[in-house]
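K.L.:
model the structure of this input:
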Amino acid sequence: MAEATKTLPDIFIFDSSPDDAVIRILLMGRNTCGKSSSGNLILGEKRFKRHESEVCEGQTQIRGKQVSVIDCPDLLDPDLNEEQLEKMKEQLLSGCSAGLSSVLLTVPLEKPLQNEEEILDYIECLFGPEVQKYIMILFTHGDDLEDLDQTTDEHLKPKDHEDLQRLVTECGGKSHCFSKMKKVKAQVEDLLQKIEGMMTENGGRFFIKQMKRSDSMDVLNVSFSGKSLPYPVSR
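P.N.:
I've put the predicted structure just below:
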């Protein structure tokens with residue numbers, strides 16, 4: 001795709017809130033990373049399909065709490081045209097306007113990293129640097145570790161996995177792993193406990209406040225895989 005400048009209709013910043021009545025999870029990641037299947041695992045039903053062309057949301061009840069999961073397509077997919085990308089970004093910002101409990105960047109354990117670093121940068125540029133406090137790495141295909149009799153920490157220690165170590169470090173060491181060989185309910189409840197602990201540490205969820213663009217704001221073009229995303233910077 002030819003390089004093009006993406007425009008944000010408004011400036012969005014996050015503001016924390018102690019209200020945690022709903023756990024709202026945003027799933028981000030590249031195609032074929034197990035993102036949609038992870039969302040289905042959390043919801044307990046096949047709500048999301050692979051290669052969705054738009055942002056989708058599903059709800060469920062877990063331990064008496066309402067849990068909402070937002071599945072976002074890979075916004076850095078080179079096959080997306082400008083119109084599709086703008087539509088997805090609008091859907092994403094609209095779906096997240098009610099507040100976010102966590103952003104899960106899904107990463108397959110046994111496959112080389114591709115554009116995960118760029119997706120992480122994209123998330124921060126789209127939502128602001130404070131969103132990093134709410135980003136957690138969600139490793140998929142954890143059943144591969146069962147065959148090797150390894151834990152996630154043991155898998156990340158070798159030098160040939162320094163890229164995965166760096167990704168987890170950038171997210172404050174926050175990670176979780178899904179495995180098909182373990183009980184689904186226990187894995188999901190463990191993930192929610194980590195998310196709730198993160199929310200407590202950060203003082204609640206993120207809520208988006210919408211602000212109109214002003215003349216005092218400049219635009220910083222950040223390039224990702226041949227694409228540019230303007231990120232507003234206050235002087």
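K.L.:
can you pull out the helices in this protein?
P.N.:
Taking DSSP state H as the criterion, the chain carries its helices at 35-43, 82-96, 116-127, 143-148, 152-156, 162-170, 184-202.
K.L.:
packing partners for the last one?
P.N.:
Under the contact criterion of 3 or more C-beta pairs under 8 Å, 6 or more residues apart in numbering; DSSP states H and E, helix 184-202 touches strand 22-28, helix 35-43, strand 56-62, strand 102-108, strand 135-140, strand 175-177. (Glycine included, C-beta is placed from N, CA and C.)
K.L.:
which residues of this structure score low on pLDDT?
P.N.:
Applying pLDDT under 70 to the chain flags the ranges 1-20, 142-161, 181, 208-235.
K.L.:
again, only this time at 80
P.N.:
Applying pLDDT under 80 to the chain flags residues 1-21, 50-52, 110-112, 141-161, 180-182, 207-235.
K.L.:
ok so, going back, just the helices of the chain: most buried one?
P.N.:
helix 35-43 (a mean of 22; mean count of other C-beta atoms under 10 Å).
K.L.:
which helices and strands does that helix pack with?
P.N.:
In terms of contacts (3+ C-beta pairs under 8 Å, 6+ apart), helix 35-43 is packed against strand 22-28, strand 56-62, strand 65-71, strand 102-108, strand 135-140, helix 184-202.
K.L.:
please tell me how far G34 sits from E54.
P.N.:
19 Å (C-beta to C-beta, to the nearest Å).
K.L.:
now the closest residue to S102 other than its chain neighbours: how far from G44?
P.N.:
The shortest distance from S102 to any non-neighbouring residue, by C-beta to C-beta, 6 or more residues apart in numbering, is to I195 (4.5 Å). Taking C-beta to C-beta as the measure, I195 falls 16 Å from G44.
K.L.:
next one: L113
P.N.:
Counting by C-beta to C-beta - L113 and G44 are separated by 29 Å.
K.L.:
and what of I23?
P.N.:
Counting by C-beta to C-beta, the gap from I23 to G44 is 14 Å.
K.L.:
who's more crowded, these two?
P.N.:
Using other C-beta atoms under 10 Å, the more surrounded residue of I23 and G44 is I23, with 22 against 15.
K.L.:
these two touch, right, that one and G64?
P.N.:
No. I23 is beyond contact range of G64, at 11.3 Å (criterion: C-beta atoms under 8 Å).
K.L.:
before we move on, the earlier item: columns distance to D163 on top of the helices and strands packed on helix 35-43, output as TSV?
P.N.:
Shown next, in TSV, are those (distance: least, C-beta to C-beta, whole Å):
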stretch	distance to D163
strand 22-28	18
strand 56-62	29
strand 65-71	25
strand 102-108	10
strand 135-140	12
helix 184-202	23
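K.L.:
show me the one of these that comes nearest K174.
P.N.:
When the helices and strands packed on helix 35-43 are compared by C-beta to C-beta, strand 135-140 sits nearest K174, at 4.1 Å.
K.L.:
partners of the closest one in the sheet?
P.N.:
Each strand paired with strand 135-140, and its direction, by DSSP bridges: strand 102-108 (parallel), strand 175-177 (parallel).
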